[in-house]
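Participant: sequence and predicted structure are below.
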Amino acid sequence: MQGLILEGTTEDSVRLSNDIEIVGDLEPRQVRVEIHAAGVCGSDLSCVHGKYYMPTPLVPGHEAAGKVVEVGSAVTYCAVGDHVILSTFSNCGHCPECEGGEPGNCRTAGLGGLKQPYAEGDQALYNFANLGAFVQETVVSENQCIPIPKELPLASASLIGCGVITGTGAVFNRAQVQLGDTVVVIGSGGVGLNVIQAAHLVGASQIIAIDRVPQKEALATQFGATDFVLAEGDDFDAVAAVKELAPGGVNHAFEVVGSPKLLADALNMTRPGGSISAVGVPDLTATVTYGFQALHQNKRLLGIRAGGARPRKDFPMLADLYMRGKLKLDEMISNTAGLDGIQDAFDALKTGAEARTVLLPHG
Ligand SMILES: [Zn+2]
Ligand SMILES: [Zn+2]
């Protein structure tokens, strides 16, 4: 089958293969899923650039939706024919963290577990983020398959698996923004737009969006931003710009770019008692330096992976909000393409001019 293979740490080390196979038979709790839509997220670019230190060769991609085509003998969560959103959490479901409602912190299947579910000839292939979604079929744990209504278009549904849960989960699950709170969102790409729309959904009174690309103003406003700040020039002072619009600072700052410098700035944008959410992910070895006083006044600095998601609770909730017209998904899709459109999608991510490209492995 067709899929993408990453063999190095540059964009031109990604190639299209027609000879990828799934290795072995399904284990009792595994599910084989035909992937019909896979969004290209900033983390895919970071993975390709080697910022997550993943072993290669690997199949990239981690934001996907598709149809269940085969289930293992003990699978109960989904059935053949179901439409599912795939989760990157390959959690066990019964360790203390899973039982405590933190599947992202699972003891037995948390971050760092490496699998090689694919092969090209004799060469075994790793999958990125427990998924490896830029391929026509994948095998995952049943815990990673969350059924959704068939009326929900799969291209729109795929976004819930990463961009939407990462942004909305930061607001709902981690920062817990309240009615009337003030918010700043640094970066208005696919994830940032979801921070904005979640803050809007819970009734934040002021939502200041910051981005370096002027075209993002229309999108940010459409998703609920009340103010837009264009980050122009090398000497742009983000803290001063926010303080001008929100004297004294905001209740919640979300850094979505993945810049250690901007995360340090975010601490200075918040009021005493405020929260700072590190949503964007820089190189995993990056160091963040901030003045102690910036955090001192009862502020909360939150590390966040994938929106602190509880996929079985959050994905159906987000799908339902979409079906009822309350959550924007279609508006995030700037382009669709085949698997061979990956480089154009990376180029679009780098210029920051659009929200999302969704790859359609079956056309
Ligand atoms: Zn667990
Ligand atoms: Zn992602």
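Facilitator: Thanks, I have it. Bear in mind the structure is a predicted one, so any value in this text is a computation, not a measurement. Ligands and ions are numbered 1, 2, ... in the order given.

Participant: show me where the protein dips below the pLDDT cut-off.
Facilitator: Counting by pLDDT under 70, the chain shows low-confidence ranges at 110-113.

Participant: spell out which parts of it neighbour ligand 1.
Facilitator: By Cβ under 5 Å from the ion, the residues of the chain that approach ligand 1 are 91-92, 95, 98, 106. (C-beta placed from N, C-alpha, C; glycine too.)

Participant: of these, select the buried ones using a PyMOL command.
Facilitator: Applied in PyMOL, the following selects the buried portion of those according to 16 or more other Cβ atoms under 10 Å:
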select buried, resi 91+92+95+98+106
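
Participant: give me the nearest residue to V257, chain neighbours excluded.
Facilitator: Spatial nearest neighbour of V257, excluding adjacent residues (Cβ to Cβ, 6 or more residues apart in numbering): G187 at 4.1 Å.

Participant: residue contacts, that neighbour?
Facilitator: Counting by Cβ atoms under 8 Å, 6 or more residues apart in numbering, G187 makes contact with 210-211, 255-257, 262, 280.

Participant: before we move on, what SS does D314 have?
Facilitator: Recorded secondary structure, D314: helix (DSSP: H, G, I helix; E, B strand; the rest coil).

Participant: burial count for it?
Facilitator: Per other Cβ atoms under 10 Å, the neighbour tally for D314 reads 22.

Participant: would you agree it is in contact with G169?
Facilitator: Yes: counting by Cβ atoms under 8 Å, G169 is a contact partner of D314 at 6.3 Å.

Participant: what do these two both touch?
Facilitator: Shared contacts of D314 and G169, defined by Cβ under 8 Å, 6+ apart, are found at G307.

Participant: domain parsing of this structure, as residue ranges.
Facilitator: Split into domains by automatic domain parsing, the chain comes to 3-148+329-359, 167-304.

Participant: of the residues of the chain next to ligand 1, which are in range of ligand 2?
Facilitator: Checking these against ligand 2 by Cβ under 5 Å from the ion, not one of them is in range.

Participant: which non-adjacent residue is nearest the closest residue to ligand 1 within the stretch 101-250 of the chain?
Facilitator: The minimum distance from the stretch 101-250 of the chain to ligand 1, using Cβ to the ion, falls at C106 (3.2 Å). Spatial nearest neighbour of C106, excluding adjacent residues (Cβ to Cβ, 6+ apart): N91 at 3.7 Å.

Participant: confirm V164 sits in a helix?
Facilitator: Yes: counting by three-state DSSP, V164 is located in a helix.

Participant: if I look at it, how far off is T56?
Facilitator: Separation of V164 from T56 (Cβ to Cβ, to the nearest Å) stands at 28 Å.

Participant: so who does the residue nearest to K299 when sequence neighbours are not counted touch?
Facilitator: With sequence-adjacent residues excluded and distances taken as Cβ to Cβ, 6+ apart, K299 is closest to G274, at 5.3 Å. Neighbour list for G274: 249-253, 299-300 [criterion: Cβ under 8 Å, 6+ apart].

Participant: just among these, which is most surrounded?
Facilitator: The residue in the contacts of G274 with the most neighbours, by other Cβ under 10 Å, is A253 (32 neighbours).

Participant: ok, G338 touching H362?
Facilitator: No: using Cβ under 8 Å, G338 makes no contact with H362, being 9.0 Å away.

Participant: which residue of these two possesses the greater neighbour count?
Facilitator: The neighbour count for G338 versus H362, taken as other Cβ under 10 Å, is higher for H362 (16 against 13).

Participant: can I take it that the more buried one is in a strand?
Facilitator: No: counting by three-state DSSP, H362 is located in no strand; its state is coil.

Participant: grab the nearest non-local neighbour of it.
Facilitator: Leaving aside its chain neighbours, H362 sits nearest to H36 (5.7 Å; criterion: Cβ to Cβ, 6+ apart).
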